[in-house]
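**Q** coordinates for the following, if possible.
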Amino acid sequence: MDRAYRIDPHLLRDVREYGPFDANGCFNCGSCTLACDLTAFPAAYPRRSIQYAVVGLAGPLRESLDPWLCQDCGDCSTACPRDAQPRESMATLRRYLMAQYDWTGIAAKIHTSRAWAFGSLAFVGLLVVALMVGYHLWVVGMSVSDLTSQSMGLSHMFPTITYFTLAVIFIPLLFLVSQAVRMHGYVMGGGERKIPRSVYLAEAGALFRHMLTQERMGECPDAARRVRMIKHRLMAAGVFTMFVLLVFFLRFFQTDAIYPLWHPQRWIGYGAAAFLLYGTADIVIRRLERKEEIYKRSAPEDFTFPILLFLTAASGIAVNILRYTGLPSAAHYTYFAHIVVSVPLLVVELPFGRWSHALYRPLAIYFQAVKERAMALPPAARQEAA
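**A** As a prediction, the model looks like this:
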């Protein structure tokens, strides 16, 4: 460490607000790091990050990529001679870091308060209900009795819902981008650590590759974890496909037109929904069974993201089925439920909840690759960048 850092005597207390962190059980033996098949110089997880928190080094902890490079396999906890559960400590550190990257303070409240975690989702869901009811009563001009009994299609909503859909996608993405900028400032900032732009560009492919393929998880030698990687890839493919459809092909995808089964509008959407349903159902079932080490201590809020994503995919596919079976009123109300579930998922879970790790993990791998490439540069090139 080539810079002076101030000791924060309250850091350990602050970290423990985000979840289990057994600093008393750890006696810094390094067994956890030796047991990990992915750790290598200059990364040394989980031991180094845990010790940062123990001794109060808040600066190095914020700058650390190690909690994100960890793939949460649990080998460190299995190897720990004191049963200090370093895997849980690393998960707690990731939640702590999410709060450090978020300038709004919302992530800190969501990750430290169960009332905030569930209350924020409920608040956004109720707000969507109020907006949808208000739209039908005052914009469409329907009465309450018509709203609850009249059979209707969806086409009257599409012009308005198009802008609404784009807003609930891009506003959370703006928050995520701002948090990514803060993350960059912590882990790559400082005048003495200036890196040429060419290095960032040379490693840009790693960011998108890891974001889409989850290939880092596949580097674990255990076969079960490689299977887990495949499931994550399917789920990521489903999320990416739905994102592309909603952002670039929303008017084509969101329609009252009836297409034959072989039409791309149907089978692309069905395929993406199938990936999401399979991936999220598998996560929920494994956490409920608690047979695997990584799921044995699952908390209620650990189920929020997979359940919301499952319900989003299930309600979306149900809308299509009801439309094609000639049940327009049922399709309308199912679409209503689909919006009420999916908006809190996007507005709360994506930028502030546990879904945000889908961005931070690939970013960490990317930043680590940039650092390693920069370290290999000749000193003259590094001085020129600074």
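**Q** just the helices from the stretch 101-250 of the chain, written as ranges.
**A** In the stretch 101-250 of the chain, the helices defined using DSSP state H, counting those that start in this stretch lie at 106-112, 114-134, 144-149, 158-188, 197-202, 204-213, 223-248, 250-253.
**Q** below-threshold pLDDT in the stretch 51-200 of the chain: ranges please.
**A** Within the stretch 51-200 of the chain, the stretches with pLDDT under 70 are 146-159, 190-193.
**Q** who wins for proximity to Phe275 among the helices of the stretch 101-250 of the chain?
**A** Closest to Phe275 of the helices of the stretch 101-250 of the chain, according to C-beta to C-beta: helix 223-248, at 3.3 Å. In short, each C-beta sits where N, CA and C put it, glycine included.
**Q** which neighbouring elements make contact with the closest one?
**A** Applying 3 or more C-beta pairs under 8 Å, 6 or more residues apart in numbering; DSSP states H and E, one finds that helix 223-248 contacts helix 158-188, helix 204-213, helix 264-289, helix 304-324.
**Q** quick check: buried residues in it?
**A** 225, 228-229, 231-239, 241-242, 245-246 (16 or more other C-beta atoms under 10 Å).
**Q** now swap in stretch 205-222 and tell me
**A** The neighbour-count check on stretch 205-222 (16+ other C-beta under 10 Å) flags Ala206, Leu207, His210, Met211, Thr213, Gln214, Arg216, Met217, Gly218, Cys220 as buried.
**Q** can you check stretch 91-109 too?
**A** Going by neighbour count (16+ other C-beta under 10 Å), the buried part of stretch 91-109 is 91-102, 106-109.
**Q** just these now: which is nearest Thr165?
**A** Comparing the buried residues of stretch 91-109 against Thr165 with C-beta to C-beta picks out Ile106 as the nearest, at 21.9 Å.
**Q** could you measure from the closest one over to Ala299?
**A** According to C-beta to C-beta, to the nearest Å, Ile106 stands 19 Å off from Ala299.
**Q** repeat for Arg87
**A** 14 Å.
**Q** likewise His111?
**A** Separation of His111 from Ala299 (C-beta to C-beta): 11 Å.
**Q** the two: who's more crowded?
**A** Per other C-beta atoms under 10 Å, whichever of His111 and Ala299 has more neighbours is His111, with 24 against 12.
**Q** got a list of what the closest residue to that one other than its chain neighbours touches?
**A** Among residues not flanking His111 along the chain, Arg95 sits closest, at 4.4 Å (C-beta to C-beta, 6 or more residues apart in numbering). By C-beta atoms under 8 Å, 6 or more residues apart in numbering, the residues touching Arg95 are Tyr18, Gly19, His111, Arg354.
**Q** grab the nearest non-local neighbour of Glu17.
**A** Nearest residue to Glu17 in three dimensions, chain neighbours excluded: Thr112, at 4.7 Å (C-beta to C-beta, 6+ apart).
**Q** before we move on, the earlier item: take the helices of the stretch 101-250 of the chain and lay them out in a markdown table including distance to Leu350.
**A** Below are the helices of the stretch 101-250 of the chain laid out as a markdown table (distance: least, C-beta to C-beta, whole Å):
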| stretch | distance to Leu350 |
| --- | --- |
| helix 106-112 | 11 |
| helix 114-134 | 12 |
| helix 144-149 | 30 |
| helix 158-188 | 5 |
| helix 197-202 | 25 |
| helix 204-213 | 14 |
| helix 223-248 | 10 |
| helix 250-253 | 18 |
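**Q** out of the ones you listed, flag the one nearest Cys29.
**A** Smallest distance to Cys29 across the helices of the stretch 101-250 of the chain (C-beta to C-beta): 24.4 Å, for helix 223-248.
**Q** okay, the angle between the closest one and helix 304-324?
**A** When axes from the mean of the first three to the mean of the last three C-alpha atoms, to 10 degrees is applied, the directions of helix 223-248 and helix 304-324 differ by 50 degrees.
**Q** how far does helix 223-248 sit from the chain's center?
**A** Averaging C-alpha positions (C-alpha atoms, centre = their mean, to the nearest Å) puts helix 223-248 12 Å from its chain's average.
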